[in-house]
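>>> structure for the following, please:
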Amino acid sequence: MEAEFRELDKDDAESLIALRLSVMKTNPYSFTISENEEKRTTKENIQRAIDSYASSSEKIMIGAFNGSLIGAIGIERSYHEYERHKAMLWGPYVQEPNRGKGIGNSLVKKALDFAFTIGDVNMVTVETASKSSEAIHLFKKNGFTESGRQNNALLINGDYLDLLYMQHRKSI
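Sure thing, here's the model as predicted:
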């Protein structure tokens, strides 16, 4: 599938909210917040977050577009002095009809490429629910390995889930 990839701008705020809500309906284990919490997020808050990312050289939100926003990912360098060698990935979120077409894979690759151009960043971390088998497969396919697990970290619809910690180290 052909998709255009670009950095999100504040005009994409409503589309990002809609994308996240859409993915929450089809894959609720992709998030550590509930649909109710997401619905309380305002367009203005998302615009501020997008602006914050756009004005920094140490973080980025990337969108995949095919006429409209069909996927998104974010990555940001750690702010703490002892963790400046790491960046944290969130997402990727891809709408159900567009999954399995390489969009998520392209988003992850673009985020990794960005992260490893930041100063001395040599590790990217991500957290994912143990039931997110598609996400786990995608991350492993892109060189992530499991580095830890927090048992019963999430309680979603009465179901306890482990939270997996994964990391990708820069090739030297």
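>>> give me the low-pLDDT residue ranges for the protein?
For the chain, residues meeting the criterion pLDDT under 70 lie at 1, 172.
>>> now the helices: where do they sit in it?
For the chain, helices defined by DSSP state H occupy the ranges 13-26, 35-39, 43-54, 103-115, 133-141.
>>> tell me which of those helices sits most buried.
helix 103-115 (a mean of 21; mean count of other Cβ atoms under 10 Å). (Each C-beta comes from the backbone N, C-alpha and C, glycine too.)
>>> distance to Met123 added to the helices of the chain, as CSV?
Output for those, formatted as CSV (distance: least, Cβ to Cβ, whole Å):
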stretch, distance to Met123
helix 13-26, 26
helix 35-39, 28
helix 43-54, 20
helix 103-115, 9
helix 133-141, 14
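>>> quick one: closest of the ones you listed to Gln167.
Nearest of the helices of the chain to Gln167, taken as Cβ to Cβ: helix 133-141 at 9.4 Å.
>>> that older thread, and of the helices of the chain, who's closest to Gly63?
Of these, the one closest to Gly63 (Cβ to Cβ) turns out to be helix 13-26, at 7.5 Å.
>>> what are the contacting residues of that closest one?
8, 30-31, 35, 38-39, 41, 43-44, 46-47, 50, 61, 63, 68-72, 93-96 (Cβ atoms under 8 Å, 6 or more residues apart in numbering).
>>> can you check stretch 161-172 too?
The contact list for stretch 161-172 (Cβ under 8 Å, 6+ apart) reads 29, 32, 112, 116, 121-131, 136, 139-140, 142-155.
>>> buried ones among those?
When the contacts of stretch 161-172 are checked for burial by 16 or more other Cβ atoms under 10 Å, the buried set is 29, 112, 116, 121-131, 136, 139, 142-144, 153-154.
>>> what distance do you get for Leu107 to Ala153?
24 Å (Cβ to Cβ, to the nearest Å).
>>> again but with Asn142, I slipped
Distance, Asn142 to Ala153, using Cβ to Cβ: 23 Å.
>>> and what of Phe65?
33 Å.
>>> same question for Glu81.
Distance from Glu81 to Ala153, by Cβ to Cβ: 27 Å.
>>> hmm, back to that, now, the contacts of stretch 161-172 that are in strands?
Residues of those located in strands (DSSP state E): 123-129, 145-155.
>>> cool, thanks, signing off.
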